[in-house]
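> sequence unavailable; structure follows:
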């Protein structure tokens with residue numbers, strides 16, 4: 001295997017945020033959690049106590065019940081799904097949003113209430129109210145819509161863990177039993193329906209709960225009082241922080257991340273790394289010896305203005321609109337030839353408010369590294385689309401007859417506004433900087449290969465043909481989309497460049513090269529940065545508003561909007577050497 005990296009890895013795969021106050025602590029393990037709840041029940045001195053456990057999609061209710069029953073004797077256990085509509089009725093209800101497309105659906109407007117059978121729900125409420133003694137447990141998604149209870153717990157879990165449970169056939173979609181369904185179809189249904197439904201409910205319910213339960217590991221659960229949880233979120237948005245990255249293999253995946261990020265060398269490859277996608281990533285909150293894992297989206301939901309800034313929050317609501325991730329083809333193959341939908345198209349067909357504009361920042365590249373970008377002169381749309389359709393049968397498509405192939409090198413920045421035909425070629429390490437929608441990729445050609453499961457990956461020429469910008473020919477691509485780098489400012493030991501994105505996109509990117517301290521100002525909007533050159537750098541507050549924060553090569557980190565100023569300088573092994581960061585933020589005038 002090639003040595004893509006000439007230093008030992010210092011990439012932190014499990015970054016956490018230290019919650020320093022000793023007054024805030026986790027209760028760890030089922031026995032301790034059960035004893036804590038049992039004591040709380042005893043202190044209430046009531047004949048009847050109702051415990052509510054509201055569950056996010058994918059939470060293993062039986063594991064929770066089994067764990068609590070070691071300490072607590074429940075006189076009756078109720079499951080919210082017993083008050084749901086039938087699975088057949090639920091399938092019919094969600095079908096307009098799930099659709100029969102293998103990849104895409106429509107962002108649902110359903111709420112959790114829609115999943116209940118009104119008569120069953122009322123009957124369960126009445127039964128619970130008529131009970132006159134003992135400890136009653138009501139558990140499951142939507143439990144809080146049946147009864148408010150006396151003690152309420154929110155059992156949470158990051159979406160990433162939910163995806164893994166789909167893959168292991170351990171979890172079903174909301175209100176149905178489809179453990180054996182293909183994981184990609186479960187994921188699609190969750191993306192367009194279930195997670196949206198659960199997130200709406202979480203926003204309303206979580207602030208009023210007594211506790212939040214980390215169920216990522218049901219063998220080692222952690223319970224946190226809700227006030228302590230929100231204290232932790234306040235701590236997070238008062239300083240720079242990182243999310244927990246996750247890595248996945250793919251049919252085109254490479255070997256670069258194995259070395260740089262110190263990953264399992266026995267895996268066939270690693271294709272993706274999501275390292276700043278709050279919908280998908282986790283956040284680790286360090287309480288003493290315990291790391292409480294929570295979905296990073298919880299920061300966006302419950303601290304949106306201090307995180308994003310008033311202008312971004314006003315425009316995007318409680319959504320984090322910038323995504324950083326890695327695409328590794330070093331020693332691998334080309335990505336699929338693809339295109340992303342225009343804004344009007346994604347709004348009409350999928351119910352999304354904004355589209356998947358993106359860019360490729362080239363972190364590293366082999367001598368033969370390329371990017372496919374834009375179309376050649378005099379392309380006839382109908383002829384090209386016909387050839388793409390025929391290629392699905394013949395396994396052959398003359399890509400470079402239709403699409404430009406550009407050589408790239410490290411630190412090139414390739415801009416990819418929606419509608420641009422593109423893909424990264426082999427032997428290229430991409431830091432993808434883009435708008436957050438991340439599954440709206442219309443594959444046009446996949447080089448005649450299959451996925452890791454041995455089956456052809458879905459091709460979306462029908463959608464793709466509707467959104468291709470046929471005017472992005474070589475001269476325009478070269479002028480508008482490749483290294484549109486403009487020097488902006490310089491000082492003692494640093495200089496700043498604007499590298500993009502395209503004027504049609506709402507994201508601005510700035511690159512700083514520095515051997516000394518660089519001052520940054522947020523101007524009321526959050527920043528996302530990656531250390532693209534150098535071993536280590538130190539992020540500091542000129543006013544000591546937060547503790548110094550160390551970042552390593554290729555690590556992505558977030559600067560909340562409420563941090564007005566911060567500095568970055570070379571640190572540790574990089575002291576006195578040149579480093580570089582790439583910074584992305586939402587343009588206020590976009």
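Here it is on my side, so go on. All values reported here derive from a predicted model rather than from experimental measurement.

> tell me how many other residues crowd residue 428.
Per other CB atoms under 10 Å, the neighbour tally for residue 428 reads 31. Heads up, the C-betas are built off the backbone N, CA and C, glycines and all.

> the stretch 251-400 of the chain: strands as residue ranges?
Secondary structure of the stretch 251-400 of the chain (DSSP state E, counting those that start in this stretch): strands at 272-276, 282-287, 290-295, 322-328, 337-339, 358-365, 370-375.

> which secondary structure elements does the first one sit against?
For strand 272-276, the elements it packs on are strand 246-248, strand 322-328, strand 556-559, judged by 3 or more CB pairs under 8 Å, 6 or more residues apart in numbering; DSSP states H and E.

> how does it look with 6 Å?
Packed against strand 272-276 by the contact rule (3 or more CB pairs under 6 Å, 6 or more residues apart in numbering; DSSP states H and E) you find strand 246-248, strand 322-328.

> what angle sits between that strand and strand 322-328?
Here the directions of strand 272-276 and strand 322-328 differ by 160 degrees (axes from the mean of the first three to the mean of the last three CA atoms, to 10 degrees).

> mind listing what strand 272-276 pairs with, with the direction of each?
The strands that strand 272-276 pairs with in its sheet are strand 246-248 (antiparallel), strand 322-328 (antiparallel) (by DSSP bridges).

> centre of the chain versus that strand, how much separation?
How far strand 272-276 lies from its chain's middle: 8 Å, per CA atoms, centre = their mean, to the nearest Å.

> rewinding a little: and the strands paired with strand 272-276, which is most packed in?
Mean neighbours per residue, mean count of other CB atoms under 10 Å, is largest over these for strand 322-328, with a mean of 25.

> now the end-to-end length of stretch 513-525.
22 Å (CA to CA, to the nearest Å).

> which outside residues touch it?
309, 312, 492-495, 512, 561, 563-569, 578-580, 585-586 (CB atoms under 6 Å, 6 or more residues apart in numbering).

> can you tell me which of those end up in helices?
residue 312 (DSSP state H).

> can you list the weak-confidence ranges in the stretch 451-590 of the chain?
590 (pLDDT under 70).

> let's see the pLDDT reported for residue 45.
Reported pLDDT at residue 45 in the predicted model: 83.

> hang on, the earlier thing: among the contacts of stretch 513-525, name the buried ones.
309, 312, 494, 512, 561, 563, 566-569, 579-580, 585-586 (16 or more other CB atoms under 10 Å).

> which one of the residues you listed sits closest to residue 271?
residue 580 (25.0 Å; CB to CB).

> beta partners for the closest one?
residue 513, residue 533.

> report the contact partners of it.
513, 532-533.

> nearest to residue 478 among the residues you listed?
Taking those together and measuring to residue 478 by CB to CB, the closest member is residue 532, at 23.1 Å.

> that closest one and residue 553: what is the separation?
Going from residue 532 to residue 553 by CB to CB, to the nearest Å gives 8 Å.

> just give the number of residues close to the nearest residue to residue 332 once chain neighbours are set aside.
Nearest non-adjacent residue to residue 332, counting by CB to CB, 6 or more residues apart in numbering: residue 254, 3.7 Å away. As a burial measure, residue 254 scores 26 neighbours (other CB under 10 Å).

> check whether residue 254 really touches residue 331, as I assumed.
Yes - judged on CB atoms under 6 Å, residue 254 makes contact with residue 331 at a distance of 5.0 Å.

> so what strands line up beside the helix or strand that residue 443 is a member of?
Following DSSP states H and E, the helix or strand that holds residue 443 is strand 442-445. In the sheet, strand 442-445 lines up against strand 337-339 (antiparallel) (DSSP bridges).

> what does the strand it pairs with rub up against?
So strand 337-339 is contacted by 421, 423, 441-445, 464, 467-468 (CB under 6 Å, 6+ apart).

> quick one: least confident of the residues you listed?
On pLDDT alone, residue 441 ranks lowest of these, at 92.

> so how many other residues sit close to that one?
With other CB under 10 Å as criterion, residue 441 counts 21.

> also residue 118?
10.

> one more: residue 264?
Residue 264 has 8 nearby residues by other CB under 10 Å.

> distance of it from residue 189?
30 Å.

> residues contacting residue 487?
residue 497.

> are we agreed that it is in a strand?
Yes - counting by DSSP: H, G, I helix; E, B strand; the rest coil, residue 487 is located in a strand.

> who does it form a beta bridge with?
When bridges are called by DSSP bridges, residue 487 pairs up with residue 497.

> let me know the distance separating the spatially closest residue to residue 534 that is not a sequence neighbour from residue 365.
In this structure, residue 534 finds its nearest non-sequential neighbour in residue 579, 2.9 Å apart by CB to CB, 6+ apart. Residue 579 is 19 Å from residue 365, where distance means CB to CB.

> do the same with residue 232
For residue 232, the distance to residue 365 - CB to CB - is 40 Å.

> re earlier: tell me the one of the contacts of strand 337-339 nearest residue 382?
The closest of those to residue 382 turns out to be residue 468 (CB to CB; 11.6 Å).

> quickly list what the residue lying closest to the closest one once chain neighbours are set aside is bridged to.
Nearest residue to residue 468, sequence neighbours excluded (CB to CB, 6+ apart): residue 339, at 5.5 Å. Counting by DSSP bridges, residue 339 is bridged to residue 442.

> now swap in residue 413 and tell me
With DSSP bridges as the rule, residue 413 is bridged to residue 361.

> that one reaches residue 362, doesn't it?
No - judged on CB under 6 Å, residue 413 makes no contact with residue 362 at a distance of 7.3 Å.

> chain center to stretch 189-202: distance?
14 Å.

> what's that stretch in contact with?
56-57, 94, 97-98, 105, 107-108, 110-112, 173-174.

> for the stretch 251-400 of the chain, give me the ranges with low pLDDT.
Along the stretch 251-400 of the chain, no part satisfies pLDDT under 70.

> checking residue 129 next. Helix, strand or coil?
helix.

> dump the residue contacts of the closest residue to residue 343 other than its chain neighbours.
Once flanking residues are discounted, residue 343 sits nearest to residue 355: 4.7 Å by CB to CB, 6+ apart. Counting by CB under 6 Å, 6+ apart, residue 355 touches 341, 343, 346, 418.

> distance-wise, check the third one relative to residue 323.
Looking back up the chat, that one is residue 346. Counting by CB to CB - residue 346 and residue 323 are separated by 15 Å.

> rewinding a little: ok, residues contacting the strand holding residue 443?
Residues contacting strand 442-445 (CB under 6 Å, 6+ apart): 336-339, 388, 391, 397, 459-461, 463-464.

> and those residues, which two are furthest apart?
Longest span within these, CB to CB: 397 and 463, 17.6 Å.

> show me what contacts the closest residue to residue 504 other than its chain neighbours?
Leaving aside its chain neighbours, residue 504 sits nearest to residue 417 (4.6 Å; criterion: CB to CB, 6+ apart). Residues in contact with residue 417 (CB under 6 Å, 6+ apart) are 357, 502, 504-505.

> rerun at 10 Å
Listed by CB atoms under 10 Å, 6 or more residues apart in numbering, the contact set of residue 417 reads 340, 342, 355, 357-359, 469, 472, 480-481, 500-505.

> can you check residue 361 too?
Per CB under 10 Å, 6+ apart, neighbours of residue 361: 324, 410-414, 429-433, 499-500, 509, 511, 530, 532, 582, 584.
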